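Visitor: no FASTA, just this:
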């Protein structure tokens, strides 16, 4: 008897339909074909135990299981449930009448309980696209998948529930999530606030400009000057995620298994801060079983690299292409996978090995050569891709002891949102461009051209600081953002002057 059950394989951040064909005939052998990996092959033992514990018999006939398409590698333990249901259907233990209407995924424990899986959201999207009536997945993943409308999502905790459902002995309750209500309720929840930051007005201004234009930023300052504190508060002033951005971000975290159990959509911008011992693969993604890396997990959010020179140089260099193209393509012999990487890079570092170069009160014990060598750990091309380079000095005592709170994040956020709205309107006709940091050369020529006084100022700065052509473009982008924050149509010399002041790390004027 031939039975067909449907599952899905996750590739990148999308899912592919997998048809599990089970054929029962005379004999006593078991064959599993269709390019399964070791975890899929081991499902045979888990299925036998789960069925026996719950009072069902494993088929004793000759069984051939094919997982089609046979040229796609099937990975992981999430195929346990559809395989088990297919075997029971081939044995006529359960009715196969409803198999074509549902997509199933789930890992089985030896007692028949169903464990959570990765990638429930892209699997649910695929189930709806292919016209399935419903999706049966582990209870822990039900809310995550239920954000997909026009699809019945059933969360189950034991294989017995699934068997009884197909035998019309039990009704399963679909999981219902009010996606928009939950999404908008959680958007403004943020534990960290800029009101807690004492002083540092110039740095807060630089962070506001970075948030308003989606610019990359690096902070250079002595230990304890507040670099990490302010970086962690950046998401509180970024514009809220749109529903589309939230869905895309949730898909990435779902594939990586990073979603909290029982959660639905990610409603706040991601903030990722990997340790400096991170490997290249963990940063960009990939591996034997390709997974998104930190730059993709930070998509639509912030990637914070603390103590930037301590990162392996190779890890930093792999950031160059994603920062330009806003996506990362991982190529292997048998497959090519692309992950989105539209992020803001925020970095921090000490100015020298001892940490006190340019400190107002403590003397630096490093020679100019040591300072330059320390800075040289970060390549010039990478620094060129960082629009805003700001020096940060320690907060004086009178500021620290001041009991008055600073400007709260919600006030700064309103200015940022207003500037972003100006940019969205400006780039309506240009798909894929939403903020000034994404402008190409054509758009720079159209919207970021200074007047004659501004050009003279910019020429003088380029010659004195020996800036590259990429740095020239970055200055214009930042100046355009500063003008947008003020609601100005044209870029004025004062906007350019502020943008030029955010190039503190240009080599010729840094280490003396």
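Guide: Noted; the coordinates are in hand. Since we're looking at a predicted model, the values are computed, not measured. Numbers count the residues shown, from 1 in each chain.
Visitor: now for residue 201, how many residues are close by?
Guide: Using other C-beta atoms under 10 Å, residue 201 is surrounded by 11 other residues. C-beta here means a position set from N, CA and C on the backbone, and glycine is covered the same way.
Visitor: got it, and residue 151?
Guide: For residue 151, the neighbour count with other C-beta under 10 Å is 20.
Visitor: do residue 131 as well
Guide: Neighbours of residue 131 under the rule other C-beta under 10 Å: 8.
Visitor: where does it fall, helix, sheet strand or coil?
Guide: Using DSSP: H, G, I helix; E, B strand; the rest coil, the structure places residue 131 in coil.
Visitor: quick check: pLDDT value at it.
Guide: Per-residue pLDDT puts residue 131 at 95.
Visitor: and it, what are its phi and psi?
Guide: phi 80, psi 20 (degrees, to the nearest 10).
Visitor: can you give me the distance of it to residue 120?
Guide: For residue 131, the distance to residue 120 equals 19 Å [C-beta to C-beta, to the nearest Å].
Visitor: check contacts around the residue lying closest to residue 13 once chain neighbours are set aside.
Guide: Nearest non-adjacent residue to residue 13, counting by C-beta to C-beta, 6 or more residues apart in numbering: residue 251, 4.8 Å away. Residues in contact with residue 251 (C-beta atoms under 8 Å, 6 or more residues apart in numbering) are 13, 121-122, 125.
Visitor: and if you look at residue 16?
Guide: Counting by C-beta under 8 Å, 6+ apart, residue 16 makes contact with 8-10, 69, 72, 126.
Visitor: just give me the least confident of the residues you listed.
Guide: residue 72 (88).
Visitor: contacting residues for that one?
Guide: 9, 11, 16, 18, 35 are the contacts of residue 72 under C-beta under 8 Å, 6+ apart.
Visitor: cutoff 6 Å now
Guide: Listed by C-beta atoms under 6 Å, 6 or more residues apart in numbering, the contact partners of residue 72 are residue 9.
Visitor: and it, helix, strand or coil?
Guide: Going by three-state DSSP: residue 72 is coil.
Visitor: going forward, count from 534.
Guide: Renumbered: residue one is now 534, and that last one reads residue 605.
Visitor: tell me how far it lies from residue 655.
Guide: Distance, residue 605 to residue 655, by C-beta to C-beta: 15 Å.
Visitor: lowest-pLDDT helix or strand in the protein?
Guide: The weakest-scoring helix or strand in the chain, judged by mean pLDDT, DSSP states H and E, is helix 930-933 (a mean of 66).
Visitor: so for the following helix or strand past that helix, mean pLDDT?
Guide: The first helix or strand that comes after helix 930-933 along the chain, using DSSP states H and E, is helix 942-959. Helix 942-959 carries an average pLDDT of 94.
Visitor: kindly report the same for stretch 649-658.
Guide: 94.
Visitor: so what touches it?
Guide: Residues contacting stretch 649-658 (C-beta under 6 Å, 6+ apart): 541, 543, 547-548, 611, 638, 668, 670-671, 673-674, 677-678, 681, 783-784, 787-788, 790.
Visitor: what are the buried residues along stretch 917-930?
Guide: 917-928 (16 or more other C-beta atoms under 10 Å).
Visitor: do stretch 769-778 as well
Guide: By 16+ other C-beta under 10 Å, the buried positions in stretch 769-778 come out as 769-774, 778.
Visitor: how does the protein divide into domains?
Guide: 535-699, 718-970 (automatic domain parsing).
Visitor: now distance to residue 710 too, for those domains, in a markdown table please.
Guide: Shown next, in a markdown table, are those (distance: least, C-beta to C-beta, whole Å):
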| stretch | distance to residue 710 |
| --- | --- |
| domain 535-699 | 4 |
| domain 718-970 | 5 |
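Visitor: ok, now which ones touch the residue most central in space within the chain?
Guide: Centroid-nearest residue in the chain, with C-alpha atoms, centre = their mean: residue 830, separated by 2.4 Å. By C-beta under 6 Å, 6+ apart, the contact set of residue 830 is residue 805.
Visitor: same check, this time on residue 683
Guide: Contacts of residue 683 were listed using C-beta under 6 Å, 6+ apart, and they are residue 661.
Visitor: list phi and psi for it.
Guide: phi 60, psi 30.
Visitor: what is the host helix or strand of residue 742 packed up against?
Guide: In this assignment (DSSP H and E), residue 742 forms part of helix 734-746. Judged by 3 or more C-beta pairs under 6 Å, 6 or more residues apart in numbering; DSSP states H and E, the packing partners of helix 734-746 are strand 921-925, helix 942-959, helix 1002-1018.
Visitor: now it: mean pLDDT?
Guide: The model assigns helix 734-746 a mean pLDDT of 93.
Visitor: what do you get for stretch 800-810?
Guide: Across stretch 800-810, the average pLDDT comes to 92.
Visitor: same deal with stretch 1022-1037?
Guide: Stretch 1022-1037 comes out at a mean pLDDT of 90.
Visitor: now do stretch 765-778
Guide: The model assigns stretch 765-778 a mean pLDDT of 90.
Visitor: who touches it?
Guide: Stretch 765-778 is contacted from outside by 720, 723, 725-727, 740, 744, 802, 804, 833, 835, 942, 945-946, 949-950, 953, using C-beta under 6 Å, 6+ apart.
Visitor: any idea how far residue 745 is from the closest residue to residue 950 other than its chain neighbours?
Guide: Nearest non-adjacent residue to residue 950, counting by C-beta to C-beta, 6+ apart: residue 772, 5.0 Å away. Using C-beta to C-beta, residue 772 is found at 9 Å from residue 745.
Visitor: again with residue 598
Guide: From residue 598 to residue 745 the distance is 56 Å (C-beta to C-beta).
Visitor: quick one, which of the two is more surrounded?
Guide: residue 745 (28 against 24).
Visitor: list the contacts for the more buried one?
Guide: Residue 745 touches 949, 952, 1014, 1018, counting by C-beta under 6 Å, 6+ apart.
Visitor: if you set the cut-off to 10 Å instead, what comes out?
Guide: Residues in contact with residue 745 (C-beta atoms under 10 Å, 6 or more residues apart in numbering) are 770-772, 945, 948-953, 955-956, 968-970, 1011, 1014-1015, 1017-1018.
Visitor: the spatially closest residue to residue 610 that is not a sequence neighbour - how many residues pack around it?
Guide: Spatial nearest neighbour of residue 610, chain neighbours left out: residue 640 (4.2 Å); criterion: C-beta to C-beta, 6+ apart. Number of residues near residue 640 (other C-beta under 10 Å) recorded here: 20.
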